[in-house]
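A.B. asks: my questions are about this predicted structure, shown below with the sequence.
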Amino acid sequence: MRFTSRAVRKLRLPVAAIGMALLAGGCAGNQLGPETPVTEQAGRIAGLWSLFVWVAAFIGILVWGLIGWSILRYRRKNKEGLPSQFRYNVPLEILWTGIPIVIVVILFLFTNRVINTVDTVSQSPDLVVEVTAFQWSWQFTYPEQGIVVTGTPGEQPVMVVPTGETIRLELTSKDVVHSFFVPAFLEKRDVFPGMVQKLDIVVNDPGTYQGRCAEFCGVFHDRMLFQVEAVSPDEFQAWVSEQTNKEGGQ
Ligand SMILES: [Cu+2]
């Protein structure tokens, strides 16, 4: 009995640490992802992320629990010999090979579904924005509205978009490989010269989101910053008229 209580006491600290870590993780927010998703597509990606985390946490707790139980249950007791020894157990081996395969297949199917949904481009987007990366900034062109926003390494360009509408980003590069990355969108796309990548996003939450180049592309790579400003459709229309008037007046 004395030995048991000492073993339990020894386990108290790691168990408390694991408990605290889980609690801290749970309190960090209802989303387990690194950023709060602000687009429809990001919501799906965050959901997939959460699924992976929950499955991993469940398996982790199960494995740690079984290890702890085995240590306590089969510890060496006074004057007793070794517990019964065996080399293999076929049903058990089939079980521990089968369960991971099933888990991987299920996670693969979910991943495949999310990737397909996120990569699907609409036939009739509400707005098209051509995104051109160059050393070392970005240019946002609105072909239908006749608006061009060009940044410099010292001045971040702002891409204004309406919320709740399907925005088609057509991404390309003028020189080397860059990468279009807005952390709050939870996805990024490498951009290549001579190639146009299409990416649809629907921004649900109004706000200003920081973006950056995520591919080392030269001396001022770190200055390739930009912002995406999501506003209501009415405010977007007002911004469009303001821009076109400004350009017309010049
Ligand atoms: Cu770059």
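C.D. replies: Nice, I can see it. Computed from a predicted structure; not experimentally measured. Residues are numbered from 1 along each chain as shown.
A.B. asks: past the lowest-mean-pLDDT helix or strand in the chain, which element shows up next along the chain?
C.D. replies: Lowest mean confidence among the helices and strands of the chain (mean pLDDT, DSSP states H and E): helix 2-27, at a mean of 54. Following helix 2-27 in sequence order, the next helix or strand is helix 40-73 (DSSP states H and E).
A.B. asks: packing partners for that next one?
C.D. replies: On a contact count with 3 or more Cβ pairs under 8 Å, 6 or more residues apart in numbering; DSSP states H and E, helix 40-73 meets helix 2-27, helix 90-119, strand 187-191, strand 197-202. For glycine as for every other residue, the C-beta is placed from the backbone atoms N, C-alpha and C.
A.B. asks: that one vs helix 90-119, what angle?
C.D. replies: 160 degrees (axes from the mean of the first three to the mean of the last three Cα atoms, to 10 degrees).
A.B. asks: from the chain's centre, how far out does helix 40-73 sit?
C.D. replies: Distance, stretch centre to chain centre, for helix 40-73: 17 Å (Cα atoms, centre = their mean, to the nearest Å).
A.B. asks: got the buried residues for it?
C.D. replies: Glu40, Gln41, Ala42, Gly43, Arg44, Ile45, Ala46, Leu48, Trp49, Leu51 (16 or more other Cβ atoms under 10 Å).
A.B. asks: and if you look at stretch 173-191?
C.D. replies: Going by neighbour count (16+ other Cβ under 10 Å), the buried part of stretch 173-191 is 173, 176, 178-191.
A.B. asks: pull the distance from it to the chain's centre.
C.D. replies: On the basis of Cα atoms, centre = their mean, stretch 173-191 sits 14 Å off its chain's mean C-alpha point.
A.B. asks: adjust the sequence numbering to begin at 12 for everything that follows.
C.D. replies: With the count now opening at 12, the last piece we talked about shows up as stretch 184-202.
A.B. asks: and the end-to-end length of it?
C.D. replies: One end of stretch 184-202 to the other measures 6 Å (Cα to Cα, to the nearest Å).
A.B. asks: what lies in contact with that stretch?
C.D. replies: Applying Cβ atoms under 8 Å, 6 or more residues apart in numbering, the external contacts of stretch 184-202 come out as 44-50, 52-53, 56-57, 60, 129, 142-146, 180, 182-183, 203-204, 208, 210, 212, 220-226, 228-229, 235, 239.
A.B. asks: okay, the residue nearest the centre of the chain: pLDDT?
C.D. replies: Of all residues in the chain, the one closest to the mean position by Cα atoms, centre = their mean is Leu197, 3.9 Å from it. You'll see Leu197 listed with a pLDDT of 92.
A.B. asks: which residues of this protein lie near the ion?
C.D. replies: His189, Cys224, Cys228, Met235 (Cβ under 5 Å from the ion).
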